[in-house]
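K.L.:
Okay, predicted coordinates and the sequence, questions at the end:
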Amino acid sequence: MTRYPSRPRRRFALTLMMSTSLTLAAVSLAAPAQASPEDVFFSSSYTYCDAKLISELWGISIDNAKSQIGQKIINGIGDNVPTILAESRHAGNRCDWVDTGYAYSDAQELSGVWGTDVDQAKAKIAAYLTNGEKAVVDRALGR
C-alpha cells in the first residue's frame, strides 16, 4: 500500500519553497555593497604622490587624502581632483623620489634610457609624478 502525502503537507512544502525562492530573489536584488573610498582610490589611476599633494594642500594626512579622492570619485565629482592637484602644484608642493612607488632598479634602467645618472633619473621620475605624468615614466620603462 502506497501512502501519498496529504494535501496540507504538500501546500506547506510548496509555500516554504516559494518563500525561500522569494527571499533569495530579494537578496540578489538588494543593492550591491559599495566599495570603500580607499578601495576606489587604489583602483583609480591616482598615485601616492597625488594623495601627498592633496594632503599638503589641505593639511590632512595622506591616508585621509586617499579617502577624499576615492569619495570624490564615488560621489561623481572625480573630475575635481585634477583641479585640486593643479592648485597644490601651483602652491609649490612636490613629491620626492620615495613618494613615487618606483624601485631603485627602475631608476637605474631609466638613467640609461635618459642618459643621466641614477640620482638625476630619480629626480626626473619624482618631477614627472608631481606633474601628473606617470604615463611618461611607464612608457619609458616599456610598461
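P.N.:
Cool, got the structure.

K.L.:
how does this structure divide into domains?
P.N.:
37-90, 97-140 (automatic domain parsing).

K.L.:
Would you agree residue 93 is in contact with residue 58?
P.N.:
No: in this structure, residue 93 is not within contact of residue 58 by Cβ atoms under 8 Å, at 10.4 Å. C-beta here means a position set from N, CA and C on the backbone, and glycine is covered the same way.

K.L.:
in this protein, which segments are predicted with low confidence?
P.N.:
Residues of the chain that meet the criterion pLDDT under 70 lie in 1-33.

K.L.:
in it, which spans are helices?
P.N.:
For the chain, the helices defined by DSSP state H cover 7-29, 37-43, 48-58, 62-74, 81-90, 104-114, 118-130, 134-140.

K.L.:
ranking the ones you listed by burial, who's on top?
P.N.:
Mean neighbour count (mean count of other Cβ atoms under 10 Å) peaks for helix 48-58 among the helices of the chain, with a mean of 21.

K.L.:
what's it packed up against?
P.N.:
With contacts taken as 3 or more Cβ pairs under 8 Å, 6 or more residues apart in numbering; DSSP states H and E, helix 48-58 sits against helix 62-74, helix 81-90, helix 118-130.

K.L.:
Dump the C-alpha coordinates for it into PDB.
P.N.:
Listed next in PDB are the C-alpha coordinates belonging to helix 48-58 (Å, rounded to 0.1, in the frame of the first residue of the first chain):
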ATOM      1  CA  TYR A  48      50.500  58.100  -3.600                       C
ATOM      2  CA  CYS A  49      52.200  61.200  -5.000                       C
ATOM      3  CA  ASP A  50      48.800  62.600  -5.900                       C
ATOM      4  CA  ALA A  51      47.500  61.900  -2.400                       C
ATOM      5  CA  LYS A  52      50.600  63.600  -0.900                       C
ATOM      6  CA  LEU A  53      50.000  66.700  -3.000                       C
ATOM      7  CA  ILE A  54      46.400  66.900  -1.800                       C
ATOM      8  CA  SER A  55      47.400  66.200   1.800                       C
ATOM      9  CA  GLU A  56      49.900  69.000   1.700                       C
ATOM     10  CA  LEU A  57      47.400  71.500   0.200                       C
ATOM     11  CA  TRP A  58      44.700  70.700   2.600                       C
END
